[in-house]
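1. with the sequence up front, the predicted model follows.
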Amino acid sequence: MKKRKTEKAPDGLVFVCPEHGAVFHSTEFVLIENKGIKTDTYGNKVLDAKVELKESCPFCGKKHVYHVSEIPCPFSG
């Protein structure tokens, strides 16, 4: 049986700098304004919350806040 080559997923969440459009990963974040799980008009369950970076963005130096719907899934290809 042939072994599949696996890649380690990056640590943390994937963020996109709104100023430069550049992608970066960070584990330094907190969940804020958590209003819990909501159901959208299509019946999908979504988390209604925001994620705040605890450190400055590596591209613009600002501390960004993102709605969870703005954070790309690190497992999509």
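-> It's in.
2. in what helix or strand does residue 38 lie?
-> Following DSSP states H and E, the helix or strand that holds residue 38 is strand 37-39.
3. sheet partners, orientation included, of the very next helix or strand once past that strand?
-> Once strand 37-39 ends, the next helix or strand along the chain (criterion: DSSP H and E) is strand 45-47. Here strand 45-47 has these sheet partners by DSSP bridges: strand 37-39 (antiparallel).
4. now do the strand it pairs with, average pLDDT.
-> Strand 37-39 shows an average pLDDT of 94 in the prediction.
5. and that strand, how far from the chain's centre?
-> For strand 37-39, the gap between its own C-alpha mean and the chain's C-alpha mean amounts to 18 Å (CA atoms, centre = their mean, to the nearest Å).
6. name whatever forms a beta bridge with the residue nearest to residue 45 when sequence neighbours are not counted.
-> Nearest residue to residue 45 in three dimensions, chain neighbours excluded: residue 37, at 5.2 Å (CB to CB, 6 or more residues apart in numbering). Using the backbone N, CA and C atoms, a C-beta is placed for each residue, glycine as well. Using DSSP bridges, the bridge partners assigned to residue 37 are residue 47.
7. contact partners for residue 37?
-> The contact partners of residue 37, by CB atoms under 8 Å, 6 or more residues apart in numbering, come to 45-48.
8. so for those, which is the shakiest by pLDDT?
-> residue 46 (87).
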